[in-house]
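1. Below are the sequence and a predicted model for it; my questions follow.
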Amino acid sequence: MYYHYHSNGNILNRVVLIVNANYSPLDICDIKRAICLWYLKKVDLIESYDEIIHSPSVSIAAPSVVKLREYIRYQSLDVILSRKNLLIRDQHTCQYCGTHIGPLTIDHVLPREKGGRETWENLVVACIKCNLIKSNRTPEEARMPLRKFPRKPNRIHHFQNFVQKSQVSWRPYLFMESF
């Protein structure tokens, strides 16, 4: 099925919250994937954006939250450690100077040369300037205190970082407000 959208922005790149059959938050995908799941009758559309997506034979409200029709057992609240997820956790902000501007890098709080590992608790987002200044020193040695202590996020906190004005309908499913 081919879907198209006539607008300045590409609605198909927006994100969709997937909740389990019991309404617990499960995953995030793009609208294209959510439409495929809906077409295959694996999910029900429970919240939508204002836009309508048209194909030659079907029109559908752009999904914002979809619910699996069948419950799947999934106990893990883990978030995969990746550059993208580190940027989301740190809100695309240098953890040393607070800038959002320019290319951002990933810094080892305790440098690898000193035994630092690739863990949620040892990696932070840093601008290139701060990363070069800090070099292979600890924040204390470089006299560059971290703005916040890096922690491993759980899945719900991770999903909450996606909520913006267009995802206001996600808030009840992420325990940010009541239904």
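-> Received it, and whenever you're ready, just let me know what you need.
2. can we go C-alpha only for contacts and neighbour counts from here?
-> Fine.
3. Now name the helix or strand holding Leu77.
-> Counting by DSSP states H and E, there is no helix or strand that carries Leu77.
4. My read is that it contacts Asn154, right?
-> Yes: here Leu77 reaches Asn154: they are 5.3 Å apart, a contact under CA atoms under 8 Å.
5. tell me what the biggest strand by length in the chain is packed against?
-> Across the chain, the longest stretch assigned as strand under DSSP state E is strand 43-54. In terms of contacts (3 or more CA pairs under 8 Å, 6 or more residues apart in numbering; DSSP states H and E), strand 43-54 is packed against helix 31-39, strand 59-68.
6. Minimum distance to Asp107: which of those has it?
-> Smallest distance to Asp107 across those (CA to CA): 32.3 Å, for helix 31-39.
7. show me where this protein has helices.
-> Here the chain has its helices, by DSSP state H, at 31-39, 83-89, 128-134, 139-142, 155-160.
8. I'd like those helices laid out as TSV, including mean pLDDT and mean neighbour count.
-> Shown next, in TSV, are the helices of the chain (pLDDT from 0 to 100; neighbours: other CA atoms under 10 Å):
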stretch	mean pLDDT	mean neighbour count
helix 31-39	95	19
helix 83-89	93	17
helix 128-134	97	16
helix 139-142	98	13
helix 155-160	86	18
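9. Right, I'll call it a day here.
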